[in-house]
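[1] could you work out the structure for the sequence below:
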Amino acid sequence: MSSSGGAMLAKEEENDAEVRREDQENINSFGRFNARLQEVKEEIEGLKKKMEQSDDASTELMMGSGDNVMLHLGNAFFETSEDNATEYCEEEVEKMQEALDTLVNEEDDIVEQMAKLKVILYGRFGKSINLEA
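    Numbers count the residues shown, from 1 in each chain. Here you go, the predicted model:
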């Protein structure tokens, strides 16, 4: 008796349903959705960290003394007023928030599509298929 990392199914839990082309396409779609979902979650976390850093920088600038500051853009630093730097940080946070909203909507859509596929695939294969992460 060999096990490939999963639990063996009892004889009554096995499903001998033949895998049709449509089933395989649904399984493949589920796998692609699952991979994209993980990517989106990572992008969301990264964006949240960037937003927090920009927000912290904006807060620090507000507590400044009104002197010029060095603004880091790409690989270069530019001297600018605190007001310009604060405005830049706030604009960046707004852009990141829009991107975050888009990613959250995409995440919701993916989860919805995966739920639909789970219903179809579990209905067809029962406990013979594992779609849980």
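
[2] from here on, contacts and neighbour counts on C-alpha atoms
    Will do.

[3] show me where this protein has strands.
    Per DSSP state E, the chain carries strands over the ranges 69-73, 76-80.

[4] tell me, how many residues neighbour residue 72?
    Other residues within reach of residue 72, judged by other CA atoms under 10 Å, total 11.

[5] my guess is it contacts residue 80, does it?
    No - Residue 72 is beyond contact range of residue 80, at 10.3 Å (criterion: CA atoms under 8 Å).

[6] residues in contact with residue 67?
    Residue 67 sits next to 81-82 when contact means CA atoms under 8 Å, 6 or more residues apart in numbering.

[7] list phi and psi for it.
    Backbone geometry at residue 67, expressed as degrees, to the nearest 10, gives phi -80, psi 170.

[8] between the helix ranked longest in the chain and strand 76-80, how many degrees?
    The single longest helix within the chain, with elements called by DSSP state H, is helix 82-125. Angle, helix 82-125 to strand 76-80, by axes from the mean of the first three to the mean of the last three CA atoms, to 10 degrees: 130 degrees.

[9] how far does helix 82-125 sit from its chain's centre?
    Taking CA atoms, centre = their mean, to the nearest Å, one finds the center of helix 82-125 at 7 Å from the center of the full chain.

[10] mind checking the pLDDT average for it?
    Averaging pLDDT along helix 82-125 gives 94.

[11] and it, what does it pack onto?
    Helices and strands touching helix 82-125, by 3 or more CA pairs under 8 Å, 6 or more residues apart in numbering; DSSP states H and E, are helix 21-62, strand 69-73.

[12] mean pLDDT lowest for which of these?
    Of all the helices and strands packed on helix 82-125, strand 69-73 has the smallest average pLDDT, which comes to a mean of 86.

[13] residue 86: how many residues sit nearby?
    Residue 86, neighbours per other CA under 10 Å, totals 20.

[14] show me what contacts it?
    By CA under 8 Å, 6+ apart, the contact set of residue 86 is 57-58, 61-62.

[15] cool, and residue 132?
    Contacts of residue 132 (CA under 8 Å, 6+ apart): none.

[16] and it, what pLDDT?
    Confidence for residue 132, expressed as pLDDT, is 81.

[17] go on, residue 77?
    Residue 77 is given a pLDDT of 91.
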